[in-house]
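Please work out how this folds:
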Amino acid sequence: MATDRARPAQDAGEREMLVGWLEHHRGILIWKCEDLTAEQLRRRAVPPSTLSLLGLVRHMADVERGWFRQVFLGEAVPDLYDRSADEDADFNEVDRADPAEAFQAFERECAASRQVVAQAPSLDVLSKQASERTGQPWSLRWIVTHTPTCSASASTAAPATTEQPIARLSRDPRRGSVAVLSSLAVPMRPRILEDLSLRCCRRGADGRVRAAAAGRCPG
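Predicted coordinates for the structure are as follows:
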């Protein structure tokens, strides 16, 4: 899939701004997966953490489906991954997962999300599903604002899930300078990885959004 990491214009309108940041963080996650082997994509971060790049991509595909299709549209579509036996199947069942299928699923769900936003007459439109916590629906504005936080958490964790040094360029907008970040794969303690709020946006057996870890997702 495309890895456009362009940021929205600083004077962009509200919808363009919010969608632009969402696209930016989607692209960052895929960019960090480029040129890696299936083995590297499946590699766990720091035991006992089960985070891997492949798991992050699988998780974010399900997050896209959950917020835009299940919650906003109220579609009766199942989760992408069967969690009946394992709540974290998207993260844990990567040894048998096909990376190509995972990336295709992510692209499909992102495309569906884009269509939802494009067809909505306003960001004020409310979701079909209501919050179990508050009893209130979510506005599309809330969902488009919230989803990049999940994507950003995933892309932040991504470098810690592979031992391969990843050389990337980072521009300092204040100085106009470019620096090479030659080793983004900084060792991180499992507790830090678990605290990156990646397990937000879970849904219970009734399909309602709930927080998976101590209320980190205000659904």
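
Just read off the phi/psi values of the nearest residue to residue 128 once chain neighbours are set aside.
Counting by Cβ to Cβ, 6 or more residues apart in numbering, residue 74 is the residue found nearest to residue 128 once chain neighbours are left out, at 2.8 Å. Where you see a C-beta, it was placed from the backbone N, CA and C, and this is true even at glycine. Here is the backbone geometry of residue 74 (degrees, to the nearest 10): phi 70, psi 20.

could we number from 438 for the rest of this?
With 438 as the first residue, the last one maps to residue 511.

Report how many residues lie close to residue 511.
13 (other Cβ atoms under 10 Å).

Over to residue 542?
What residue 542 shows, counting by other Cβ under 10 Å, is a neighbour count of 20.

same question, residue 558
Neighbour tally, residue 558, other Cβ under 10 Å: 7.

re the thing from before, mind listing what the residue nearest to residue 565 touches?
Counting by Cβ atoms under 8 Å, 6 or more residues apart in numbering, residue 511 touches 564-566.

hang on, residue 458 packs against residue 446?
No: here residue 458 lies out of contact with residue 446, judged by Cβ atoms under 8 Å, at a distance of 11.4 Å.

So for these two, which sits in the more crowded spot?
A direct count of neighbours by other Cβ under 10 Å for residue 458 and residue 446 places residue 458 higher, at 20 against 10.

With adjacent residues omitted, what lies nearest to the more buried one?
Using Cβ to Cβ, 6+ apart, the closest residue to residue 458 is residue 585 (5.0 Å).

where along the chain do the helices fall?
For the chain, the helices defined by DSSP state H occupy 451-468, 475-479, 490-501, 526-529, 536-556, 577-594, 627-631.

ok, back up a step: what subset of the contacts of residue 511 is buried?
564, 566 (16 or more other Cβ atoms under 10 Å).

Hmm, residue 543 is touching residue 499, no?
No: the pair residue 543 / residue 499 is not scored as a contact, 9.3 Å apart, by Cβ under 8 Å.

These two - which one has more neighbours?
More crowded of residue 543 and residue 499, by other Cβ under 10 Å: residue 543, with 26 against 22.

The more buried one and residue 509: what is the separation?
Using Cβ to Cβ, to the nearest Å, residue 543 is found at 18 Å from residue 509.
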